[in-house]
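Visitor: structure of the sequence below:
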Amino acid sequence: MLDHDHSQLPFFVYGTLRQGGANHAGLLRGRTKVVTAAVLSGAVLYDGPGFPYAVNAPEGRVQGELVFPLPEFYSAVLADLDQLEEYVPGAPDNLFERVARGTRTEDGEPLLAWVYLAAPLEEQRLLASGRIIPSGDWHRR
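Guide: Below is the predicted model of the structure:
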């Protein structure tokens, strides 16, 4: 069931924050209670390069993971992920925007999660000249 309390939503991660990704160990390992496979519908992946961007697309599908931080680390994880993604609420030059979106676990359970999507200027650049990752899976690009 979708949870509408945005205070401690899980995070849907689809790139370097996934298990085995370059940023997972340093920012998430030891600070999470559960990490599970999940899908974000209505988005596609573009190559960054070096990291992916998720961009809204009605027919798209992105493979990733839902990360549930331990309650005592939630605020620190949120701050660290915002910093990594260069997200500042309301800033016009963000690379990413953090938004609450519906996701589905591999078991089909719908869950609301924080997702970092390409900010409007980045989205325009990617739509004009970016390279889509057809599989929707950063690990299989």
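
Visitor: please enumerate the helices of this structure.
Guide: Along the chain, the segments classed as helices by DSSP state H run 24-27, 74-84, 120-129.

Visitor: what does the last one contact?
Guide: Okay, so that is helix 120-129. 46, 53, 55-56, 92-93, 95-97, 117-118 (CB atoms under 8 Å, 6 or more residues apart in numbering). C-beta here means a position set from N, CA and C on the backbone, and glycine is covered the same way.

Visitor: could you export those to JSON lines, including columns for neighbour count and pLDDT?
Guide: What follows is the contacts of helix 120-129, written out as JSON lines (neighbours: other CB atoms under 10 Å; pLDDT from 0 to 100):
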{"residue": "Y46", "neighbour count": "21", "pLDDT": "97"}
{"residue": "Y53", "neighbour count": "24", "pLDDT": "97"}
{"residue": "V55", "neighbour count": "20", "pLDDT": "97"}
{"residue": "N56", "neighbour count": "14", "pLDDT": "95"}
{"residue": "P92", "neighbour count": "8", "pLDDT": "91"}
{"residue": "D93", "neighbour count": "9", "pLDDT": "91"}
{"residue": "L95", "neighbour count": "16", "pLDDT": "93"}
{"residue": "F96", "neighbour count": "20", "pLDDT": "96"}
{"residue": "E97", "neighbour count": "18", "pLDDT": "97"}
{"residue": "L117", "neighbour count": "20", "pLDDT": "98"}
{"residue": "A118", "neighbour count": "25", "pLDDT": "97"}
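
Visitor: pretty sure V99 contacts W114?
Guide: Yes - under the criterion of CB atoms under 8 Å, V99 makes contact with W114 at 7.4 Å.

Visitor: what stretches of this protein score poorly on pLDDT?
Guide: Flagging of the chain using pLDDT under 70 yields the residue ranges 1-6.

Visitor: follow-up on the earlier one: which of the contacts of helix 120-129 fall within strands?
Guide: Counted as lying in strands by DSSP state E, out of the contacts of helix 120-129, are 46, 53, 55-56, 96-97, 117-118.

Visitor: right, and the pair among those residues with maximum separation?
Guide: Spanning the widest gap among these are Y46 and E97, at 14.7 Å by CB to CB.
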